[in-house]
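[1] Fold the stuff below for me.
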Amino acid sequence: MKKKLVLIGNGMAGVSCIEQLLKLAPNRYDITVFGKEPHPNYNRILLSSVLAGDADMKDIVINDWSWYEENHITLHTGQTVTKIDTKRKLVTSDGGITAPYDELIIATGSLPFMLPLPGADKEGVIAFRDIKDCETMMEAAKQYKKAIVIGGGLLGLEAARGLLNLHMEVTVVHINEYLMNLQLDRTASLLLQQELERQGMKFLLKKNSETILGKKRVTGLRFSDGSEEKADLIVMAVGIRPNVALAKSCGIEINRGIVVNDFLETNVPNVYAVGECVEHRGIAYGLVAPLYEQGAVLAKRLAGVETAGYQGTVVSTKLKVSGVNVFSAGEYKDEPGTRTVRVQDDFEGVYKKAVIRDGKVIGAVLFGDTSDSSRLFAMIRSGEDVSGKEKTVLLGEGGAKPKSGADLVAAMSDDEIVCGCNGVSKGAIVKAIQEKGCSSVNDIKACTKASGSCGGCKPLVADVLTYVLGADGVKTVKEGICGCTTLGRDEVVEAIRSMRLTTSKEVMNVLEWSNPEGCSKCRPALNYYLGMVWPEEHEDERESRFVNERNHANIQKDGTYSVVPRMYGGVTTPKDLKKIAEIAEKYEVPLVKVTGGQRIDLLGVKKEDLPAMWADLDMPSGYAYGKALRTVKTCVGSTFCRFGTQDSIGMGITLEKKFERLNTPAKVKMAVSGCPRNCAEATIKDFGVVAIDGGWELHVGGNGGTKLRGSDLLCKVKTEDEVVEWAGAYLQYYRETGKYNERTSEWLERVGLDTIKAALERKEDREALVERIDKTLSLTKDPWKEIIEQQEQRKTFVPMDEQPAESILK
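    Okay, the predicted model is just below:
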């Protein structure tokens, strides 16, 4: 009979151990897993992506519900184990579920450390540790404006970046004199701070928090020096502590964490522990790589496979903080007896440092460019002697950049983690290559999940492939627009043009898609490319669009929608304002908000009410949901402002009326500032216009979102007609050469500003582009009005249980 194995904790460390065990001994145990949260196993590292809006829950799930079912694992979610009877070998949850065990793994992880400040129990004071915390922050951002994050470490900065993306004002409070002091040295920290300040974060360093202010809800934070900072939300991200209460209650030895030996055994027979709850040789680890290494050792132990045991981990951190790559490993601080090699380039935003003692590299810090991280980490782990050639560690022989590649993979042990997000070791990748015939990075991703999350380990995965197969044995797989084809964007568009393909079905059939129905990635892309190439011949395929574009409104997390009517240049009238207010009352809209793009957003509208609301508004769609021109933001300009040099309002209205309803590869935002003071923030828009004496500056490729980018100056022009001409030519060139879902900031960096300037330099070329964009614009119609006028389309907004039977069948 199979033994019974119970895992307490459905997190990354424990489930990774189960994954390894299933590979080694798939039929040895009946497995039961208890998880405190109501979710399957997910990647906690990517929580910041959820908070930032770059991902949702399904995107960060590592093992979905079907994985447990396919592996015959009994999963109890939303169940906290409250008792372990080690004599009878039983565990009991707070929901009354009891499970017997032969072998027990405790993987209860860690708890966020909450500062014991007066007022810490007030509403609006939270940690940042799980999905629920993300949801709390996102909900708070809808009502409140000012947030404080206590803690300037990695977790605190990720929380701050996410709150910035939610349009909150964010101040990071840190007790140390520089940020991420446990991962970076002072120089790298200052460079990081400068970059984050450019993104909008504020910092209060060397500040000791004393009291949280407010009655029921937090209103601010007082420091030990008597100063205060206002806040509607306080997020504590000051560290973690091993979650040991359950283990302690049943007599398991506890120090800082659950004490384990090299085989992850506790002092109680048949009880093991892995992850952040564990203390091994006096160390409790808080990074994912050591936890996966522990899980691999325990899996071998439980499978009866000989193993040398867990020897501890040389800790390294490679991550992206608000878009900035940083890496640190080993002993990276300057100490007596150490010498340092440094490279710093302020123009490129790059800083590199290697710390050497007794002829060996013992630590490193990289900022901006982390391409040398794998090579340096291998040197730290191997203890390679660099005596007499210390400078070559960063500079290479004769100043040339040192080589990194497959030869350095040889220095890695088989259990060393390559993919930190998914806990995939070098040995697992080598095995996939040798036993499953994997010969490309995509093959490895499919077999092992390595490089399948953040993608930061792709270069190292490629190096492992080259190490095993040699350069000639590695298959170079061309990245197609999706997994259904190996054809890239340019090849697909050229085929559409040369073969006169006018529907997605034709494209998939003629170009031999592997999936004849396409996928959620290629269908909307093809629909865009077809409409761009053949604006007259192609009929928009509504079913291929994302839900927001199908319903012409942004869906909210509760299933309701938001409605944003068009307000040209951010200008409205008392009559329209009154109408909007009356309609908001009529449809019982729970929230009316002014957006960052100077529009009015009606939030919480039921889907079935959308057509009627649009009819009552009798205003054009603001396209706040679409890959199209969203808004043209303006300042007052010369109309009222004493600093204004040009009529920015008139220019903005002209541009918005000209290009409204224009479909583009990704959303487009524009702005017009009436003077160089740039109150409309034109220099962080896709296309920004700044008035100067005697003319206008045209700025392109800006982005004020997650990937902040200042715009580049395209040119200067003298007249409003020239502004419109250049704008039309620029937008059409973007439409014709951009990849679907590629913002202008990414597109500009890919194709290059010089290429764009060359394409628009000659007037006849601009005029040809403008002619093509005018043709497209002449065929557009307001989608709200179309739906109001077409009964068949209106039916799609009626709930299924209210539709006639014949409509449902149709």
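[2] pretty sure Val355 contacts Gly337?
    No: taking Cβ atoms under 8 Å as the definition, Val355 is not a contact partner of Gly337, at 10.4 Å. Bear in mind the C-beta positions are built from the backbone N, C-alpha and C, glycine included.
[3] between these two, which one's more packed in?
    Val355 (25 against 6; other Cβ atoms under 10 Å).
[4] Is it correct that that one falls within a helix?
    No: secondary structure assignment (DSSP: H, G, I helix; E, B strand; the rest coil) places Val355 in strand, not in a helix.
[5] Skipping its backbone neighbours, what lies nearest His538 in space?
    Leu530 (4.3 Å; Cβ to Cβ, 6 or more residues apart in numbering).
[6] show me what contacts that neighbour?
    Listed by Cβ atoms under 8 Å, 6 or more residues apart in numbering, the contact set of Leu530 reads 496, 501-504, 507, 538.
[7] any idea how far Trp67 lies from Pro38?
    17 Å (Cβ to Cβ, to the nearest Å).
[8] Please say which of those two ends up with more neighbours.
    Trp67 (17 against 10).
[9] Please name the nearest non-neighbouring residue to the more buried one.
    Pro40 (7.5 Å).
[10] Now for the one you found: which residues touch it?
    Counted by Cβ under 8 Å, 6+ apart, Pro40 has contacts 10, 61-65, 67-68, 75, 77.
[11] and those, which two are the farthest apart?
    Ile62 and Thr77 (14.4 Å; Cβ to Cβ).
[12] between these two, who's got more neighbours?
    Legend: neighbour count by other Cβ under 10 Å for Ile62 and Thr77, higher for Ile62 (22 against 16).
[13] Next, the more buried one: phi, psi?
    In terms of degrees, to the nearest 10, the main-chain angles of Ile62 are phi -90, psi -50.
[14] do the one 3 residues further on as well
    Note on Trp65: its backbone torsions stand at phi -60, psi -40 [degrees, to the nearest 10].
[15] Ok, Asn509 next?
    Dihedral angles (degrees, to the nearest 10) for Asn509: phi -70, psi -50.
[16] that older thread, what about the residue nearest to His538, is that helix, strand or coil?
    Assigned by three-state DSSP, the conformation of Leu530 is helix.
[17] which stretches of the stretch 651-800 of the chain have low pLDDT?
    Scanning the stretch 651-800 of the chain for pLDDT under 70 picks out 706, 799-800.
[18] run the last query once more with 50
    Counting by pLDDT under 50, the stretch 651-800 of the chain has low-confidence residues at 800.
[19] Check which helix or strand the nearest residue to Leu366 once chain neighbours are set aside maps to.
    Once flanking residues are discounted, Leu366 sits nearest to Phe327: 4.1 Å by Cβ to Cβ, 6+ apart. Element membership for Phe327, per DSSP states H and E: strand 324-330.
[20] Please state the offset of the following helix or strand past that strand from the chain centre?
    For strand 324-330, the succeeding helix or strand toward the C-terminus, using DSSP H and E, is strand 339-345. Distance of strand 339-345 from the chain centroid (Cα atoms, centre = their mean, to the nearest Å) equals 31 Å.
[21] Which other helices and strands does strand 339-345 contact?
    Applying 3 or more Cβ pairs under 8 Å, 6 or more residues apart in numbering; DSSP states H and E, one finds that strand 339-345 makes contact with strand 350-357, helix 392-395.
[22] Please spell out which residues along it are buried.
    For strand 339-345, burial by neighbour count (16 or more other Cβ atoms under 10 Å) applies to 340-341.
[23] Taking their axis directions, it and strand 350-357 sit at what angle?
    Interaxial angle, strand 339-345 versus strand 350-357 (axes from the mean of the first three to the mean of the last three Cα atoms, to 10 degrees): 170 degrees.
[24] quick one: strands adjacent to strand 339-345?
    strand 350-357 (antiparallel) (DSSP bridges).
[25] mind listing what's buried in the partner strand?
    Here strand 350-357 shows 350-356 as buried, counting by 16+ other Cβ under 10 Å.
[26] Next SSE downstream of that strand?
    According to DSSP H and E, the helix or strand after strand 350-357 is strand 360-367.
[27] Name the residues of that next one that come out as buried.
    361-367.
[28] try stretch 163-178
    163-166, 168-175, 178.
[29] model confidence over that stretch, on average?
    The average pLDDT for stretch 163-178 rounds to 92.
[30] Equivalent analysis for stretch 82-96, please.
    96.
[31] OK, contacts around His72?
    Neighbour list for His72: 30-31 [criterion: Cβ under 8 Å, 6+ apart].
[32] can you pull the pLDDT of the residue nearest to Leu213 when sequence neighbours are not counted?
    Nearest non-adjacent residue to Leu213, counting by Cβ to Cβ, 6+ apart: Gly220, 4.1 Å away. Here the pLDDT value assigned to Gly220 is 96.
[33] Repeat that for Ile126.
    95.
[34] So it, which state does it fall into?
    Applying three-state DSSP: Ile126 is strand.
[35] wait, isn't it in contact with Asp133?
    Yes: at 5.7 Å, Ile126 counts as touching Asp133 under the criterion of Cβ under 8 Å.
[36] what sits in contact with each of those two?
    In contact with both Ile126 and Asp133: Val235, using Cβ under 8 Å, 6+ apart.
[37] For the buried residues of stretch 163-178, please prepare TSV with the additional fields secondary structure and distance to Ala446.
    TSV is the format used below for the buried residues of stretch 163-178 (DSSP: H, G, I helix; E, B strand; the rest coil; distance: Cβ to Cβ, whole Å):
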residue	secondary structure	distance to Ala446
Leu163	helix	36
Leu164	helix	35
Asn165	helix	31
Leu166	coil	34
Met168	coil	39
Glu169	strand	43
Val170	strand	39
Thr171	strand	44
Val172	strand	39
Val173	strand	44
His174	strand	42
Ile175	coil	45
Tyr178	coil	42
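[38] need the contact list for Ile258.
    106, 242, 244, 247, 252, 266, 273, 277-279.
[39] The nearest residue to it once chain neighbours are set aside pairs with what?
    Nearest residue to Ile258, sequence neighbours excluded (Cβ to Cβ, 6+ apart): Ala273, at 4.3 Å. Applying DSSP bridges to Ala273 yields these beta-bridge partners: Ile106.
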